[in-house]
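S.K.: sequence first, predicted coordinates after that:
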Amino acid sequence: MKKTIIILAIIITILSINKEEKVIIPKDSIRFRVVANSNQKEDQELKKKIVLNLKNNISELNFKRKDIQDSRNKIKQELPTFEQIVKNTLMEEDKEETYQINYGKNYFPQKEYRGVIYEEGEYESLVITLGKGEGDNFWCVLFPPLCLLEVEEEDSKNIEYTSFIKEVVDKYF
């Protein structure tokens, strides 16, 4: 009987540890997207540098806004700053890439992220498009704050999570 209870407790622990949290983007949200010119390595690196250089401003928007209208006002106020950061990054990288910054309703293709499918459609968003905008993109949600700028999705695919308890169970059962 004790062995059964212990095994059941271990299984419940394993299931709770390995359960992946699904994040649903609410209807009242503001998305953020930086679209690379192409999928060539150089264009993808440039996209990453722009996201990194925007990090402090995005983090301020992300964590200090209390309601959606407050976020909208702050984004509109910060548009010239975002443009200057993009310009400076292009100059630092010696790139003559064209770009477009648009805050408003923008098209987003269907996306699956962490087991949740986000439907394609027009969404309130801040979108920075580099060149032709035909490459992979960085995206997150500014409001409510769901941006994690340190790790991009493609980098997170290579992370392997392990559980000591699961390893013990696999080894002995």
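M.R.: Here it is on my side, so go on.
S.K.: lowest-confidence helix or strand of this protein?
M.R.: helix 153-156 (a mean of 42; mean pLDDT, DSSP states H and E).
S.K.: mind jotting down where the helices sit in the protein?
M.R.: Along the chain, counting by DSSP state H, helices occupy 2-18, 41-64, 68-92, 153-156, 164-172.
S.K.: now Leu130, nearest residue through space, not along the chain?
M.R.: Of all residues not flanking Leu130 in the chain, Asn37 sits nearest, at 4.7 Å (CB to CB, 6 or more residues apart in numbering). C-beta here means a position set from N, CA and C on the backbone, and glycine is covered the same way.
S.K.: ok, that neighbour - how many residues close by?
M.R.: A count of nearby residues for Asn37, using other CB atoms under 10 Å, gives 21.
S.K.: got a list of what it touches?
M.R.: Neighbouring residues of Asn37 by CB atoms under 8 Å, 6 or more residues apart in numbering: 43, 46, 97, 130-135.
S.K.: of those - the most surrounded one?
M.R.: Neighbour counts for the contacts of Asn37, by other CB under 10 Å, peak at Leu130, which reaches 24 neighbours.
S.K.: show me what contacts it?
M.R.: By CB under 8 Å, 6+ apart, the contact set of Leu130 is 34-37, 43, 46-47, 50, 97-99.
S.K.: that one and Arg72: what is the separation?
M.R.: Computed as CB to CB, to the nearest Å, the Leu130 to Arg72 distance reads 24 Å.
S.K.: again with Thr98
M.R.: Thr98 sits 26 Å away from Arg72, going by CB to CB.
S.K.: quick check: buried residues in stretch 34-54?
M.R.: Across stretch 34-54, burial judged by 16 or more other CB atoms under 10 Å covers 34-38, 43-44, 46-47, 50-51, 53-54.
S.K.: can you give me the mean pLDDT across that stretch?
M.R.: For stretch 34-54, mean pLDDT rounds to 96.
S.K.: closest one to Tyr107 out of the buried residues of stretch 34-54, please.
M.R.: Ranked by distance to Tyr107 (CB to CB), the buried residues of stretch 34-54 are led by Val35 at 10.8 Å.
S.K.: surely the closest one meets Val127?
M.R.: Yes: the pair Val35 / Val127 is scored as a contact, 6.8 Å apart, by CB atoms under 8 Å.
S.K.: what about the contacts of Asn37, which are in strands?
M.R.: Leu130 (DSSP state E).
S.K.: turn the contacts of Asn37 into TSV, including distance to Lys66.
M.R.: Shown next, in TSV, are the contacts of Asn37 (distance: CB to CB, whole Å):
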residue	distance to Lys66
Asp43	36
Leu46	34
Glu97	36
Leu130	32
Gly131	36
Lys132	37
Gly133	32
Glu134	37
Gly135	34
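S.K.: which of the contacts of Asn37 lies closest to Glu120?
M.R.: Among the contacts of Asn37, and counting by CB to CB, the member closest to Glu120 is Gly133, at 15.7 Å.
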